[in-house]
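1. Any chance you can model this:
(chains A and B)
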There are 2 protein chains.
Amino acid sequence: MNAMPSPLQQQAQQLSDSVTRPIPGSRKVFVEGSRPDLRVAMREIVQTKTPTLFGGEDNPPITVYDTSGPYTDPDARIDLSAGLPALRARWIEERGDTVPLPALTSEFGRARDGDAKLDAVRFPARTLPRRAKEGANVTQMHYARRGIVTPEMEYVAIRENQRLELLAAGGHPLLAQHPGQSFGASIPARITPEFVRDEIARGRAILPCNINHPESEPMIIGRNFLTKINANIGNSAVSSGIAEEVEKLVWAIRWGADNVMDLSTGKHIHETREWIIRNSPVPIGTVPIYQALEKVDGRAEELTWEIFRDTLIEQAEQGVDYFTIHAGVLLRYVPLTAKRVTGIVSRGGSIMAKWCLAHHRENFLYTHFEDICEIMKAYDVAFSLGDGLRPGCIADANDAAQFGELETLGELTKIAWKHDVQTMVEGPGHVPMHLIRENMDKQLAECGEAPFYTLGPLTTDIAPGYDHITSAIGAAMIGWFGTAMLCYVTPKEHLGLPNRQDVRDGIMAYRIAAHAADLAKGHPGAQVRDNALSKARFEFRWEDQFHLGLDPEKAKEFHDETLPKDAHKLAHFCSMCGPHFCSMKITQDVRDFAAEHGIGEEAAALEAGMAEKAAEFRAQGAEVYRRG
Amino acid sequence: MNAMPSPLQQQAQQLSDSVTRPIPGSRKVFVEGSRPDLRVAMREIVQTKTPTLFGGEDNPPITVYDTSGPYTDPDARIDLSAGLPALRARWIEERGDTVPLPALTSEFGRARDGDAKLDAVRFPARTLPRRAKEGANVTQMHYARRGIVTPEMEYVAIRENQRLELLAAGGHPLLAQHPGQSFGASIPARITPEFVRDEIARGRAILPCNINHPESEPMIIGRNFLTKINANIGNSAVSSGIAEEVEKLVWAIRWGADNVMDLSTGKHIHETREWIIRNSPVPIGTVPIYQALEKVDGRAEELTWEIFRDTLIEQAEQGVDYFTIHAGVLLRYVPLTAKRVTGIVSRGGSIMAKWCLAHHRENFLYTHFEDICEIMKAYDVAFSLGDGLRPGCIADANDAAQFGELETLGELTKIAWKHDVQTMVEGPGHVPMHLIRENMDKQLAECGEAPFYTLGPLTTDIAPGYDHITSAIGAAMIGWFGTAMLCYVTPKEHLGLPNRQDVRDGIMAYRIAAHAADLAKGHPGAQVRDNALSKARFEFRWEDQFHLGLDPEKAKEFHDETLPKDAHKLAHFCSMCGPHFCSMKITQDVRDFAAEHGIGEEAAALEAGMAEKAAEFRAQGAEVYRRG
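-> Predicted structure coming up:
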């Protein structure tokens, strides 16, 4: 490794201030678990008092889930070329079932490591990876099934609760919530470490945490937890470099991505991935077949199990937390796509289809599936069983190819579980609204409630440029029905590679979808933030409203376009109605009137004393609040 | 009226080229009905041929619904200060049941007309309005119930079919479509004028077309027709002038608004409305209570039936096509809102609540409802029965106040129908996904299937800056369940007044929602455009893909960000995968392979002759398409 920082390394040290400044109105808090090195990061949104004329009460801070990692911690020292602190290193070592390796195992990894031409783009602070001891299984599922609650599981339990207990202790009115409709989910009122263990043990949730990605903050994906979202980044042959991708990662988690997939396909795919993993507090997923294909110069028919295997080990030793594996694209399903409008749109799916046709043999990912399991359990890489035959348009939704593959993914899930390998299952795609539920129901049935991880689905094909919206509709619905993680779609889908603004728009659309799903499922505490924001809105606490929103900076910017002056953020009106008339103000009249006259929910009470009360109301001055 | 054009009039003549240029890839076509002056405007999207390597076939032009009026017609001469041609004037006159008035009827209208200070902002080409002859009822519902098929009804029937017969004649594969799930809708395979008449007669659809808005192109709102969207425009005391609002109207219909509501509240509210109506090919709705409130300087308790009545007549004689009337805000419902998180958020609802409380009398819109019906039927203004008590946040959804009012709106619908007055019913608001269906079911039951017209609903409160998305989710769902028209929400909702970009984003989100709903309902022909666009996408016909999309200009702009060169639009790859690998290309291999070997849907056929076929495939060269 070279001592002089390369231009890339210098650039990487200069992450822009805008991506590391604290989120407005929030502060980073840490909740300690059963041991001092188990400190769960959360974001606390501080609220101001209610204005006197609306009651003058204090409003509690609201704790929200925080995916942004150390980047939004003013006390953290960020140096991309050093990577993030190895939060989980001690936990992994303590388990005593892994060993540090003397050298990289994969041929490709060793070759890259020995190639001096790559020094300029190489991540400089790399240490050698670990692997399970001979015969050991180091997956969280394996521990869970043996009854062990790992620090990762405890971390996740604390994290999922979002300090709801602080409000629950006082029976706070912000906890009021509609009963949900959960379609058979089993969400407890409070997440315990034991519940996390049990969900992982039965395969209903995964905790993706490769032992070689100790920088990651544990998170969980399962239908009985908060709905998660994934953002894809990655350069291609056509566009964008390493520094840009790392900054895109940091933006993505700042805006709320729970997971990030690196789908890079360029010539520095290995080095880009290293930079991303070392600097990522969220699990990183990949599609190893993309890189394997580059190793055979794009000729799918030249792929071999050996090349693929080496790629899996290469990436597992870098710390990739989950692999998309298209092992369900069986030879017999391929002809089922011939009459489709858009055939096979998954890159991984089409690679395997081509291989199958060229060799007229069964997909080697399927025939070697148990060999893959052996690799997965040596590093705790989770499966994301790819839906290579997902529909690429409305016309192809829910067809025989798609559902045939889904049945095979169910079969593979059970094989992975036999090896205690954590597994989730990928889903569509393009599906009209009325066919979405069938996807979820079939996945639950075929895959034994293994977490479903869907791309959208897009509910129409006709809006290129707006597919974050066509798909957020489907994502919200399928999330409600039971999908555990939603893979975002950006406005650039089908058109080009997403830039930073597209990533932001995609993530926001998907955080909306995920939260709408949590509300509809009746996830405990999900409505707190809605309630707090709506109360702030009603009371004209503009800054609180911005801070409680998913994107405080955007909300403030939009408000300021119409009413830019700071004074207006204290104003008890907004630009929609102007200062002379405001429906919120009138509601407060109604509320005060009802309170002063002891009028509660009983309509009759009002009607009874009509004339007298009207006189009183007028006497008080029908306008309760006036300003100059 | 002054001869010299005022600065406003000069400005109005200069509508920007960008808002009147033809939509890329489209041409205006007219379908003639049973009489030569019945010419229904549509937009035809021309497609290129399929590239030879994908089959080389011709692709038919796709006809789509066109809301843009004469503005996108290169043959039309646009002069905002003259207004649009009076398309329906002859039809109205022919019926012989209306008379031109010698003067404006409303006091306010006469006062404005005589005020020379307003000359500078006044629409110059105003003619005097018409009214029903003494005792006549000129509503489309009245005609429909007497068995009369009006030219408006025939126009609508032709318009709704979108020339589907051109494809149907040849049994075109683009017509393939999933069977929908329509929740009891009764959508025929083909819309006939008689079907339109019948739907209007039974109150299940409305055709908003004030006799004083002869410039409007007839359109229909009902659950058995295409789902429609409404865009709100309008200045407020804080922002924007007349010329800006007129241009916003033209943008809104270019992007696809089926209806526009003018919610202006500024001091030239009367004059702004005149400019908008005279230049609008789509129905215009208003909330007359906003203007009535201005007439009493914002003091709701000073409102009287007489002031309101004069406002209704003033606006009816300008040509407003539907009025939002908050007649369901009954005194006994008002206290039910006192314990809400956000009370009454509807402006109209809060005005009436305040009036009720101040006087301790029943809402005068309710007590005078039959008087209002008398006005509506003299001009054919449709009711949009306002949901003044709609929930303003998730917490308040589906509560006693909201559903109490909805029951009253059902009662009022039946009264309006007794007078043959066309009626639709407004709906929420903020509703979590799992409570949306109950809104639709209750509305259908209470209001006898009168068209439902909802604002969103927003499925979460926590995304200020993105409420076009929070609400598009709810809008798509409720549209699927049976809502006839979706009122858009822009990204500025809750934060400020929408500018042109916000209007565009709001409209696109809602066209997506409306179309997703049509697909899910199984509306005949709804999938044609999806099928055509997806086929174009598969075949790398980039320009066709852009043109078939909801926003061709945005799609092209996004594509060009990554691959700007024109040559790339003929390239058989895209920026996502780059030139060396492409899943679409591989699918074509699969397809060719299946075709050449006679492999259809039968998986077994492939598996049988495995070895031989594999050899053939390799012999042909596994890469079917190569380029430099």
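
2. quick one: low-confidence ranges for the stretch 351-500 of chain A?
-> For the stretch 351-500 of chain A, no stretch is flagged by pLDDT under 70.

3. again, only using 90
-> For the stretch 351-500 of chain A, the stretches flagged by pLDDT under 90 are A:496-499.

4. which strands and helices sit next to the longest helix belonging to chain A?
-> Longest helix in chain A by number of residues (criterion: DSSP state H): helix A:500-521. Under the contact definition 3 or more CB pairs under 8 Å, 6 or more residues apart in numbering or on different chains; DSSP states H and E, helix A:500-521 sits against strand A:228-233, helix A:242-255, helix A:467-481, strand A:485-487, helix B:467-481. Just so you know, the C-beta spots here come from the backbone N, C-alpha and C atoms, and that holds for glycine as well.

5. one more time with 10 Å, if that's ok
-> Packed against helix A:500-521 by the contact rule (3 or more CB pairs under 10 Å, 6 or more residues apart in numbering or on different chains; DSSP states H and E) you find strand A:228-233, helix A:242-255, helix A:467-481, strand A:485-487, helix A:528-538, helix A:552-562, helix B:467-481.

6. Taking helix A:528-538 as reference, get the angle to it.
-> Compare the direction of helix A:500-521 with that of helix A:528-538 by axes from the mean of the first three to the mean of the last three CA atoms, to 10 degrees and you get 110 degrees.

7. tell me the angle helix A:500-521 makes with helix B:552-562.
-> Using the same axes, to 10 degrees: helix A:500-521 against helix B:552-562 is 120 degrees.

8. Between helix A:467-481 and helix A:500-521, find me the angle.
-> Angle of helix A:500-521 versus helix A:467-481, following the same axes, to 10 degrees, is 20 degrees.

9. Buried residues in helix A:500-521, which are they?
-> Using 16 or more other CB atoms under 10 Å in any protein chain shown as the test for burial, helix A:500-521 gives A:502-521.

10. and what of stretch A:135-146?
-> Buried residues in stretch A:135-146 (16+ other CB under 10 Å): A:137-145.

11. Stretch A:337-349 too?
-> Neighbour count says stretch A:337-349 has A:337-338, A:340-349 buried, by 16+ other CB under 10 Å.

12. pLDDT weak spots in the stretch 101-250 of chain A?
-> Where the stretch 101-250 of chain A drops to pLDDT under 90, the residues are A:120-121, A:125-127, A:168-171, A:234-246.

13. What segments of it are helices?
-> A:107-113, A:140-145, A:151-161, A:164-168, A:193-201, A:242-255 (DSSP state H, counting those that start in this stretch).

14. out of those, nearest to A:His213?
-> A:His213 sits nearest to helix A:151-161 of all the helices of the stretch 101-250 of chain A, at 11.5 Å, using CB to CB.

15. Quick one: list the elements packing against that closest one.
-> strand A:26-32, strand A:39-45, helix A:89-94, helix A:140-145, helix A:193-201, strand A:221-222.

16. now it: how far from the chain's centre is it?
-> 16 Å (CA atoms, centre = their mean, to the nearest Å).

17. what angle separates it from strand A:26-32?
-> 140 degrees.

18. picking that back up, go through the buried residues of stretch A:337-349 and say which is closest to chain B.
-> Set against chain B, the nearest of those by CB to the nearest CB is A:Gly343 (2.8 Å).

19. The closest one looks like it's in a strand, true?
-> No: secondary structure of A:Gly343 (DSSP: H, G, I helix; E, B strand; the rest coil): coil, not part of a strand.

20. got a list of what it touches?
-> A:334, A:337, A:349-350, A:353, A:389, A:392-393, A:396, A:401, B:538, B:583-591 (CB atoms under 10 Å, 6 or more residues apart in numbering or on different chains).

21. can you check A:Tyr466 too?
-> Counting by CB under 10 Å, 6+ apart, the residues that A:Tyr466 touches are A:460, A:472, A:489, A:491, A:493, A:505, A:509, B:469, B:472, B:505, B:508-509, B:511-512, B:549-551, B:554-555, B:558.
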